[in-house]
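Sequence first, then the predicted structure, then my questions.
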Amino acid sequence: MKKGVRITIILVVVAAIVVVGGYLGYTRFTGQGDEGPGAGFLFFRPGSGGRRPGGRDPGGAEGNPEETFSVPVAVTTARRENARETLTLYGSVFAEKEVGILTTVTGKITAIQVEEGDIVQKDQVLAVIDRDQAGLKFAPVEVKSTIAGVVKSVLTQEGATANPGVPLFQVVVMDVVDVVVDVPEKRIGQVRVGLPVEISVISYPDRLFYGTIDRLKPVVDPDSRSLETRIRVTNRGYQLKPGMFAEASIILRQRENAVTVPLAALVNKDGQRVAFIIEQDVAREVKPEISFVEGERAVVDSGIAEGDLVVVIGQQSLSGGDAVTVVEVKE
């Protein structure tokens, strides 16, 4: 046989093998062969004992065709606790009252009887003025405090000349201080006079001071779109000092013995917040009514009860009725 003819025959045989092999592969992967749909791939479900889809296990035994995949999830237990909603704002500490002590006469300061930080009483003498002039003698004039408080500033010195209308001292009242914060316009409707407030300052990181909303300014600042709010705080020991930076947590509402869940348990679905409760290894979708959120937890009015197992990891891929496997229970 000629060499060219032999090569032609070999090529025809190879082509036939390729065609037959391709057809068999096609029928195998498209379900037209003996092994059923997709027999070229194997999927194993946890707990299926190695069964393939379609009910056959590797030994040929029939399985349960209704068995489904189970979604691994982490859950936590809905619990009861005291909860509250707060609005945290930042501001500064101001003295309740601050006055300048003046004199009505001109003269030389001959004595200063207080220092900055001294506690003074009303009508206590702070300084003495000599108003003698050439050839004229006058009785010394005493400069007295008009209020009881703390000397904030001494604005003169011995030998200086005092003039009417020029402050010689600044005295502040610090038994009570005001913490002034600005409430954003969108939150104004939530605040009112009398609400309790917790105050913290960086000087005392482990201590809280307690006050109440005392005054709301009648108008909104047109530039900042906020409402100036004064919080009255009793200042025992004068630990809160005017000028301090303060953090104020306004307690908008409190709830005792409320059912709460982690905020992570809530997912948005079709514009609504939903959660998934696990009952007998099956996920049930619920639409809880949320009263308010504080930090990382949500207060639930209805839809979730104390002790319910709520999904906190894996819920994004869940639907109601899905089989689940709880792989972790979080505290």
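On my side now, so go ahead.

So if we follow the domain assignment, how does the protein break up?
For the chain, the structural domains run 3-67, 72-82+256-330, 86-93+174-255, 103-167, going by automatic domain parsing.

could those go into JSON lines alongside mean pLDDT and mean neighbour count?
Bear in mind the C-beta positions are built from the backbone N, C-alpha and C, glycine included. Shown next, in JSON lines, are the domains of the chain (pLDDT from 0 to 100; neighbours: other C-beta atoms under 10 Å):
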{"stretch": "domain 3-67", "mean pLDDT": "43", "mean neighbour count": "12"}
{"stretch": "domain 72-82+256-330", "mean pLDDT": "93", "mean neighbour count": "16"}
{"stretch": "domain 86-93+174-255", "mean pLDDT": "96", "mean neighbour count": "16"}
{"stretch": "domain 103-167", "mean pLDDT": "95", "mean neighbour count": "14"}
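
that's a strand at G237, yeah?
No: using DSSP: H, G, I helix; E, B strand; the rest coil, the assignment for G237 is helix, not a strand.

From V261, how far out is it?
Separation of G237 from V261 (C-beta to C-beta, to the nearest Å) stands at 42 Å.

go on, E328?
E328 is 16 Å from V261, by C-beta to C-beta.

S226 too?
33 Å.

go on, I112?
In terms of C-beta to C-beta, I112 sits 65 Å off from V261.

what secondary structure does E306 sit in?
E306 ends up coil, using three-state DSSP.

Likewise for the one 5 residues further on?
V311 falls in the strand class when you classify it by three-state DSSP.

Identify the bridge partners of the nearest residue to it once chain neighbours are set aside.
Closest residue to V311 apart from its sequence neighbours, by C-beta to C-beta, 6 or more residues apart in numbering: F276 at 4.3 Å. Taking DSSP bridges as the rule, F276 bridges to E285.

right, and F276 touches E285 too?
Yes: applying C-beta atoms under 8 Å, one finds F276 in contact with E285, separated by 5.8 Å.

Quick check: the spatially closest residue to Q121 that is not a sequence neighbour vs L155, distance?
Excluding its sequence neighbours, the residue lying closest to Q121 (C-beta to C-beta, 6+ apart) is A148, at 5.0 Å. Distance check for A148 against L155: by C-beta to C-beta, it reads 19 Å.

again with V220
36 Å.

Same question for G149.
15 Å.

same deal with G320?
Taken as C-beta to C-beta, the span from G320 to L155 is 74 Å.

ditto for V114
12 Å.

Next, show the common contact partners of the two.
F169 (C-beta atoms under 8 Å, 6 or more residues apart in numbering).

List the contacts of the closest residue to D301 other than its chain neighbours.
Spatially, and ignoring its direct neighbours in sequence, D301 is nearest to E289 (4.3 Å; C-beta to C-beta, 6+ apart). Residues near E289 by C-beta under 8 Å, 6+ apart: V300, D301, S302, G303.

Repeat the analysis, applying 10 Å as the threshold.
E289 makes contact with R273, V299, V300, D301, S302, G303, I304 under the criterion C-beta atoms under 10 Å, 6 or more residues apart in numbering.

Would you report which members of these are assigned to strands?
Judged by DSSP state E, the subset of these located in strands is R273, V299, V300, D301, S302.

T212: which of those residues is nearest?
Within those, the smallest distance to T212 is 23.4 Å, found for V299 (C-beta to C-beta).

thought the closest one was touching S291?
Yes: V299 is within contact range of S291, at 4.3 Å (criterion: C-beta atoms under 10 Å).

what is in contact with the two at once?
With C-beta under 10 Å, 6+ apart as the test, V299 and S291 both reach A83, E85, R253, R255, A258, V259, T260.

List the residues that contact the fifth one.
With contact taken as C-beta under 10 Å, 6+ apart, A258 is in contact with 79-84, 291-292, 297-301, 306.

For it, list each beta-bridge partner.
E81.

where's it relative to V311, distance?
21 Å.

and if you look at the last one?
Shown here: T260 relative to V311, a distance of 16 Å by C-beta to C-beta.

now swap in the second one and tell me
In this structure, E85 lies at 25 Å from V311, with C-beta to C-beta as the measure.

overlap in contacts of F276 and E285?
Joint contacts of F276 and E285 (C-beta under 10 Å, 6+ apart) are V267, Q315, L318, S319, G320, D322.

So which of these is the closest to I231?
Of those, the one sitting nearest to I231 (C-beta to C-beta) turns out to be V267, at 37.3 Å.

Isn't that closest one up against K287?
No: the criterion here is C-beta under 10 Å, and V267 misses it with K287 at 11.1 Å.

Which residue would you name as the spatial centre of the chain?
G295 (4.5 Å; C-alpha atoms, centre = their mean).

Correct me if wrong: that residue contacts A83.
Yes: using C-beta under 10 Å, G295 makes contact with A83 at a distance of 9.5 Å.

what's the span of stretch 112-130, first residue to last?
12 Å (C-alpha to C-alpha, to the nearest Å).

Can you tell me what sits against that stretch?
101, 103, 105-111, 137-154, 156-158, 160-162, 168-171, 174, 238.
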